[in-house]
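>>> Next input, structure requested:
(one chain, ligands or ions: 1)
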Amino acid sequence: MIYKRSSALFAEAQKVIPGGVNSPVRAFNAVGGTPIFIEKAKGAYLHDADGNTFIDYIASWGPMILGHAHQPVIDAVVEKAKLGTSFGTPTEIETKIAELAVSMVPNIDMIRFVNSGTEACMSAVRLARGFTGKEKIIKFAGCYHGHSDSFLIQAGSGAVTFGSPNSPGVTQGTAKDTLLANYNDIEGVKTLIEANIGEIACIILEPVAGNMGCILPQDNFLQKLRTLCDEHNILLVFDEVMTGFRLAKGGVQELYNVKADIVTFGKVIGGGLPVGAFAARKEIMNHLAPLGPVYQAGTLSGNPLAMAAGLAMLTEINTNTDLFKSLEDKTEYLHNGITEALEKNNITHTINRQGSMISVHFTDVNVTDFETAVKGNNDTFKRFFHHMLDNGIYIAPSAFESWFLNDALSYEDLDKTIEAIASFKG
Ligand SMILES: *Cc1c(COP(=O)(O)O)cnc(C)c1O
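Okay, the predicted model is just below:
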């Protein structure tokens, strides 16, 4: 493949945009090389500035579950745009998408729309604190909840149980209110709660993790968290920015039959426009301004273009009764094909999968938390990534991301992907 035009565009971009990108993972720092600049996309395919075509497994990091430029979504946005793009007043379409989302997702009565997953998670934590009157939160190493200060925290050293900043600019004061636990380690969570009795407002997690590869909750981890939260008057927050409307209509709450107190959304809910949302039962949502004292706002929140895209997307998902089965079948097919291809070449690997999320880890250990996720061989991943790219397959440029399948992928696309993997010699 030739990436001449992409290289030129990247050089220009770097002069005026830090690192040439508006979100760091796009920069290819983890895999080396020059990011490719995409010009357009349709269905399962991305077309770059040099005229190359790629089968896409990133789906814009999740949203494009039906494939790119899905016609009903595009039509809805185009029609809405003709009527004006933002009024700063309520509009009917906000109620329509809210009603639909509330009807699809279990245990929520009300939903508030924001502009990103980051905002949704940041607001959910503020709401949990405002509702419980407590200040500390528990998060899990390797789970990503956006880039707001409370989440940019790593495990503290030695005996201290509170976290420390993992980005300059996050204060020690903020870090001390975020406690770090390991994914799937229920005993660790118990220990943290016991050391901070009466102080923890919420536990937030990706109920199926997608930001350290795809990691599934083991041994009733979610049910056990639910029980602990009930015992200690702690809110359970499911960050379903990645999994919401992707793994099931009702997300992981439905899939694993566990109730969350607050749920956050992003990605699919916006159909490719900047949308996030957080939702809960009435008793909790009543605490939000203007009904209650917990402040949260947004000039462009619920703006008509974003809501039109989101409503069209959710309507498609709600009416397409075969969608999740179809995605699961395709992902299972790919899983089997990848296993066979890697085994043929004696390449050590572990594959995790849930629904349309799948990740390939170049290690032979079970990947169940951040610690085991980092055991993957990153040099092998880098070579694998560039091998795939050169064969016209676009996977995330980081070993810590899952692949997201979209329903526009055909079995022929999957076969081409498996063929490319079979020609990877390690
Ligand atoms: C992407 C993501 C976020 C952040 O969403 P943005 O829209 O990028 O701010 C939060 N949580 C999870 C689980 C995500 O995957």
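>>> Next, see if stretch 298-314 gets close to the ligand.
No: applying C-beta under 6 Å from any ligand atom, one finds stretch 298-314 separated from the ligand by no less than 11.9 Å. In this view, the C-beta of every residue, glycine as well, is placed from N, C-alpha and C.
>>> how far out from the middle of the chain is that stretch?
When C-alpha coordinates are averaged (C-alpha atoms, centre = their mean, to the nearest Å), stretch 298-314 and its chain have centres 19 Å apart.
>>> pLDDT on that stretch, on average?
In this model, stretch 298-314 has a mean pLDDT of 98.
>>> Next: stretch 375-395.
Per-residue scores along stretch 375-395 average to 96.
>>> Just give me how far it sits from the chain centre.
The answer for stretch 375-395 is 21 Å, by C-alpha atoms, centre = their mean.
>>> my hunch is that residue 352 is in a strand, does that hold up?
Yes: under DSSP: H, G, I helix; E, B strand; the rest coil, residue 352 falls within a strand.
>>> and the gap between the closest residue to it other than its chain neighbours and residue 52?
Using C-beta to C-beta, 6 or more residues apart in numbering and skipping the chain neighbours, the partner closest in space to residue 352 is residue 214 (4.5 Å). Remark: distance between residue 214 and residue 52 (C-beta to C-beta, to the nearest Å) = 27 Å.
>>> cool, residue 255 as well?
From residue 255 across to residue 52, the span is 36 Å (C-beta to C-beta).
>>> Run through the neighbouring helices and strands of the strand or helix carrying residue 311.
Element membership of residue 311, judged by DSSP states H and E, is helix 304-319. Where contact means 3 or more C-beta pairs under 8 Å, 6 or more residues apart in numbering; DSSP states H and E, helix 304-319 is packed against helix 71-81, helix 92-104.
>>> can you redo these as TSV with mean pLDDT, distance to residue 381 and mean neighbour count?
Formatted as TSV, these follow (pLDDT from 0 to 100; distance: least, C-beta to C-beta, whole Å; neighbours: other C-beta atoms under 10 Å):
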stretch	mean pLDDT	distance to residue 381	mean neighbour count
helix 71-81	98	32	16
helix 92-104	98	36	17
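>>> So which of these is nearest the ligand?
Shortest separation from the ligand across the helices and strands packed on helix 304-319 is recorded for helix 92-104, at 16.4 Å, computed as C-beta to the nearest ligand atom.
>>> Between helix 71-81 and that closest one, find me the angle.
Using axes from the mean of the first three to the mean of the last three C-alpha atoms, to 10 degrees, the inter-axis angle of helix 92-104 relative to helix 71-81 is 150 degrees.
>>> what's helix 92-104 in contact with?
For helix 92-104, the surrounding residues in contact (C-beta atoms under 8 Å, 6 or more residues apart in numbering) are 80, 108-111, 113, 245, 249-250, 265, 269, 277, 279, 302, 304, 307-308, 310-311, 314-315, 317-318.
>>> May I have the residues that are in contact with the nearest residue to residue 210 once chain neighbours are set aside?
Spatially, and ignoring its direct neighbours in sequence, residue 210 is nearest to residue 242 (4.2 Å; C-beta to C-beta, 6+ apart). By C-beta under 8 Å, 6+ apart, the residues touching residue 242 are 62, 206, 210, 211, 266, 267, 357.
>>> So which of the residues you listed belong to strands?
residue 357 (DSSP state E).
>>> Need the contacts of residue 242 in TSV (columns: distance to residue 388, neighbour count and pLDDT).
As requested, those are exported to TSV (distance: C-beta to C-beta, whole Å; neighbours: other C-beta atoms under 10 Å; pLDDT from 0 to 100):
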residue	distance to residue 388	neighbour count	pLDDT
62	19	26	96
206	25	26	98
210	19	28	96
211	20	21	95
266	26	28	98
267	23	27	98
357	17	26	98
